[in-house]
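1. I'd like to go over a predicted model; first the sequence, then the structure.
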Amino acid sequence: MEPSRTNANKISPFLLVVIMTTLVLALAFIYMGFQAYLGDQFEDGSLNLTFGVVLLAVATYLLFQTKRRPAKVDIDSQPMNTTILCQKCGFKNIREFQRGDYVLKKMDDPCPKCNEKTLEISAIFREVKEKTKRTMFD
Amino acid sequence: MSILQQVLQLGFGQDSILGWILQIVFYAIFIVMIFYGQRIQMYIMIREVEGSLLKLKIMRDEARKIAITAINEIGKPQIDPTAQVDRFLEYFAISPVDLDPAGIIWRLEHLLDVQDTRFKDDIKLMAPQADDVQINNLEGTLGVALGLNVIYKVIRHFYLLGKKTLSLYIIMQVQMIMPLIMKEAKAYASAIKAFQMGQPIGDGAGALVAARLMHDYEKKKVEKDIVVAKVPIEGRTAFVLKAEGPGSNVGKPGEAIKQIMEQNEGKISLAILIDAGGKLEGEKTGEVAEGVGAIIGGPGVDKYKIEEIALKYKVPVLAIAIKEDLGDAISPMRKEIFDALDDAIDRIKRVVRERTKEGDLVIIAGIGNSSGIGQ
């Protein structure tokens, strides 16, 4: 298997030339548009301004494409909680997950409340905050 | 008029040569767009696919690294397991011939058994110090890494093929399906840590329900990696079964149900299967729903066996689904799924009361991966 290699930050010089040319053209058209408006040539002015704005949009789009952040992927373990419950007195403790925890595992430690060895892992879960907005169909 | 304005007027004015050149350039761009617009669009799509492919590659490499680290930590091998892991990640299975479908299930089952044995043997060689639970967890970890490797290689294949042939249709199909592929890959990526740490995953919802029901009752191991306990429920006797935990394991619930039904010669009144069910967009994670039929995923061997034996003894098979999407099913278990367990158990009890008489025998099968779930 070949080693990992990323080239997300490289920008092609050709693309840079294209972006710069488009940007210059866009600004020139916009300038010509304003000049035409000032000279009461509204038809030419509108046309040039339209060209200019379209080219400006293209240049901005291309610029954002090159400026894309390098790909980043997190495979970190998500925060997990372990709930420990005393089967006798109902004492409940929630702590971070530790390797070796599993649901229904009997714990060796005695319950801090009733001092009996009746502690058991009752749940292991992660909490997720939903980012989606509510819709009228919920 | 300032000097600057005068210079600009000279160069960019309406009637200047440069003005005309700009107009011609614009029309040239317009014409180019007519003939090459599709190709430009294709290059944009290729770039989008390239970005996603890069992410897939990072995920694949990271998963491989995690798998190697886990083997080194748990298995304490004498030699570097990297070459063995790389060999494992290229593993493939050829599905049985389906030109004559008769008997395909048994051939598929044999193939899956061979694959499982081969995986476990390879992992034992890679990680000689690992116990059975750790071997199951390592199998899950390597399985996820293998899955990510396959996803990456398939997408890379279509990306390179599209680039080579400049076929809009190949590139377009990959680009359109990419969000779904990325969602699946991200879920796989989060599953790898869960398996490595031995945490419960969403798919284990059914197994967890069964674990709660059979807890504190005597269990016996039956067909491959399945544990069964006889549990009194609402005046009936329930054979509650699940895959043996806490290692990553799904077992063969179909074979276990078949054996229980045959041993009791059709005296089983009802079989209830509980599993994580596919959630549609808009449905809430952890919603519980009831239905009929064998609710069980996988390649279909277990489903087939349950349907066959239920038909033979005319046993009604009911299903209880705990709703979650694919991402939640293979990533660490969410609180909503845990919270749904009590509702699922209440429904099981209600169904048992409503559909059977006191003293009847029922089967309650918790389907799913037992990673991080004891019994």
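-> Yep, it's here. Numbering: from 1, shown residues only, chains lettered A, B, ... in the order given.
2. list the buried residues of the lowest-mean-pLDDT helix or strand in chain A.
-> Within chain A, no helix or strand scores below helix A:42-66, which has a mean of 84 by mean pLDDT, DSSP states H and E. Neighbour-count burial for helix A:42-66 flags A:44-45, A:47-49, A:51-52, A:55-56, A:58-59, A:62-63 (criterion: 16 or more other Cβ atoms under 10 Å in any protein chain shown). Yep, even glycine has a C-beta here, placed from its N, CA and C like the rest.
3. contacts with chain B among those, please.
-> Near chain B, taking Cβ under 8 Å from any Cβ of the partner chain as the test, the members of the buried residues of helix A:42-66 found are A:44, A:51, A:55.
4. still on that earlier bit, pull the residues that contact the least confident helix or strand of chain A.
-> A:11, A:15-16, A:18-19, A:22-23, A:25-37, B:14, B:26, B:47 (Cβ atoms under 8 Å, 6 or more residues apart in numbering or on different chains).
5. can you do 7 Å?
-> A:11, A:15, A:18-19, A:22-23, A:25-26, A:29-30, A:32-33, A:36-37, B:14, B:26, B:47 (Cβ atoms under 7 Å, 6 or more residues apart in numbering or on different chains).
6. out of the residues you listed, which end up buried?
-> In the contacts of helix A:42-66, the ones that pass as buried (16+ other Cβ under 10 Å) are A:19, A:22-23, A:25-26, A:29-30, A:32-33, A:36, B:14, B:26.
7. want to throw those residues into CSV with distance to residue B:374 and pLDDT?
-> Shown next, in CSV, are the buried ones among the contacts of helix A:42-66 (distance: Cβ to Cβ, whole Å; pLDDT from 0 to 100):
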residue, distance to residue B:374, pLDDT
A:19, 60, 87
A:22, 63, 88
A:23, 64, 90
A:25, 69, 87
A:26, 66, 90
A:29, 71, 87
A:30, 70, 90
A:32, 76, 87
A:33, 74, 87
A:36, 79, 86
B:14, 82, 56
B:26, 71, 80
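8. just the ones in helices from those residues, please.
-> Members of these lying in helices (criterion: DSSP state H): A:19, A:22-23, A:25-26, A:29-30, A:32-33, A:36, B:26.
9. and which of the residues you listed is nearest to residue B:356?
-> Set against residue B:356, the nearest of those by Cβ to Cβ is residue A:19 (72.9 Å).
10. from residue A:65, how far out is the closest one?
-> 9 Å (Cβ to Cβ, to the nearest Å).
11. ditto for residue B:206
-> Counting by Cβ to Cβ, the separation of residue B:206 from residue A:65 is 46 Å.
12. name the residue of the stretch 201-350 of chain B that lies nearest to chain A.
-> Nearest residue of the stretch 201-350 of chain B to chain A: residue B:246, at 3.5 Å (Cβ to the nearest Cβ).
13. that residue against residue B:199, yeah?
-> No: between residue B:246 and residue B:199 there is no contact under Cβ atoms under 7 Å: 9.7 Å.
14. do you know the pLDDT at residue B:10?
-> pLDDT recorded at residue B:10 is 55.
15. what do you get for residue B:41?
-> 88.
16. how near is it to residue B:208?
-> For residue B:41, the distance to residue B:208 (Cβ to Cβ) stands at 48 Å.
17. list the buried residues of stretch B:55-75.
-> Buried residues in stretch B:55-75, counted by 16+ other Cβ under 10 Å: B:55-64, B:66-68, B:70-71, B:74-75.
18. so how far is that stretch off the chain centroid?
-> Counting by Cα atoms, centre = their mean, to the nearest Å, stretch B:55-75 is centred 18 Å from the centre of its parent chain.
19. now do that stretch: everything it contacts.
-> For stretch B:55-75, contacts defined as Cβ under 7 Å, 6+ apart pick out A:1, A:4, A:71, A:73, A:75, B:77, B:81-82, B:85, B:89, B:126-130, B:134, B:138, B:141-142, B:144-145, B:148-149, B:151-152, B:155, B:182, B:185, B:189, B:192, B:196.
20. drop anything exposed from those residues.
-> Buried among the contacts of stretch B:55-75 (16+ other Cβ under 10 Å): A:71, A:73, A:75, B:77, B:81-82, B:85, B:89, B:126-127, B:130, B:134, B:138, B:141-142, B:144-145, B:148-149, B:151-152, B:155, B:182, B:185, B:189, B:192, B:196.
21. mind checking which of these are in helices?
-> Counted as lying in helices by DSSP H, out of the buried ones among the contacts of stretch B:55-75, are B:82, B:85, B:89, B:126, B:134, B:138, B:141-142, B:144-145, B:148-149, B:151-152, B:155, B:182, B:185, B:189, B:192, B:196.
22. phi, psi for residue B:80 please.
-> Per-residue torsions, residue B:80: phi -60, psi 120 (degrees, to the nearest 10).
23. ok, back up a step: out of the ones next to chain B among the buried residues of helix A:42-66, which is nearest to residue A:120?
-> Of those, the one sitting nearest to residue A:120 (Cβ to Cβ) turns out to be residue A:55, at 68.4 Å.
24. ok, residue B:174 to chain A distance?
-> Going from residue B:174 to chain A by Cβ to the nearest Cβ, to the nearest Å gives 17 Å.
25. how much space between the nearest residue to residue A:23 once chain neighbours are set aside and chain B?
-> Nearest non-adjacent residue to residue A:23, counting by Cβ to Cβ, 6 or more residues apart in numbering or on different chains: residue A:59, 4.4 Å away. According to Cβ to the nearest Cβ, residue A:59 and chain B sit 12 Å apart.
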